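Asks: coordinates for the following, if possible.
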Amino acid sequence: MFVQQVLDCRNKYAHIVETSYHQDRKFEAALKEALEYFINLDSRSAQYLSLYIDDMFKQGLKGVNDDEKEARLDEVIIIFRYLQDKDVFEDFYKQVRAARCRNVCLDMSLLYLVWRACYSTWPIGC
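Replies: Model (predicted):
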């Protein structure tokens, strides 16, 4: 998946900046700028991110402890912050979430994580 590959790439280069360049601000800024540029090259990135999050909630977070859930949500939020088309993401995610809610009954802990991720963390980064 596109989003997972971006996350893997970001983690790889963030580790290099952290270990080799001792978290130098210029290298961190260059990495952020490069990832932001890359993600926004494709107009479908917002759609890919919304589908990735939906898939993560449907399959990827079941049976995972709370710390792991938080870590995965934090990674997704980092990618979300790089998006310039946050309104496009919101439209796609609303469609995906509405379709999922019509078809699947979610447990309360999953709904709580969705609520907390969407309404408490994301507006801070916008």
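Asks: if I look at Ala29, how far off is Val76?
Replies: As defined by C-beta to C-beta, to the nearest Å, Ala29 lies at a distance of 21 Å from Val76. Any C-beta I mention is one placed from the backbone N, CA and C, and that applies to glycine too.
Asks: neighbour-wise, which of those two wins?
Replies: Each of Ala29 and Val76 has its neighbours counted (other C-beta atoms under 10 Å); Val76 has more, 18 against 11.
Asks: find the nearest non-adjacent residue to the more buried one, please.
Replies: Ile53 (5.9 Å; C-beta to C-beta, 6 or more residues apart in numbering).
Asks: contacting residues for the one you found?
Replies: Contacts for Ile53 (C-beta atoms under 8 Å, 6 or more residues apart in numbering) come out as Val76, Tyr93, Val96.
Asks: and the residues you listed as a markdown table, adding distance to Asp85?
Replies: Output for the contacts of Ile53, formatted as a markdown table (distance: C-beta to C-beta, whole Å):
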| residue | distance to Asp85 |
| --- | --- |
| Val76 | 16 |
| Tyr93 | 12 |
| Val96 | 15 |
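Asks: in helices, which of those fall?
Replies: Using DSSP state H, Val76, Tyr93, Val96 are the members of the contacts of Ile53 that sit in helices.
Asks: low-confidence regions, the protein specifically.
Replies: Along the chain, the model assigns pLDDT under 70 to residues 60, 100-126.
Asks: got a list of contacts for the strand or helix carrying Lys32?
Replies: Under the criterion of DSSP states H and E, Lys32 resides in helix 25-41. Helix 25-41 is contacted by residues 6, 9-10, 13-14, 17, 21, 45, 79, 82-85 when judged by C-beta under 8 Å, 6+ apart.
Asks: show me those residues that map onto helices.
Replies: Using DSSP H, the subset of those located in helices is Val6, Cys9, Arg10, Tyr13, Ala14, Val17, Ser45, Ile79, Tyr82.
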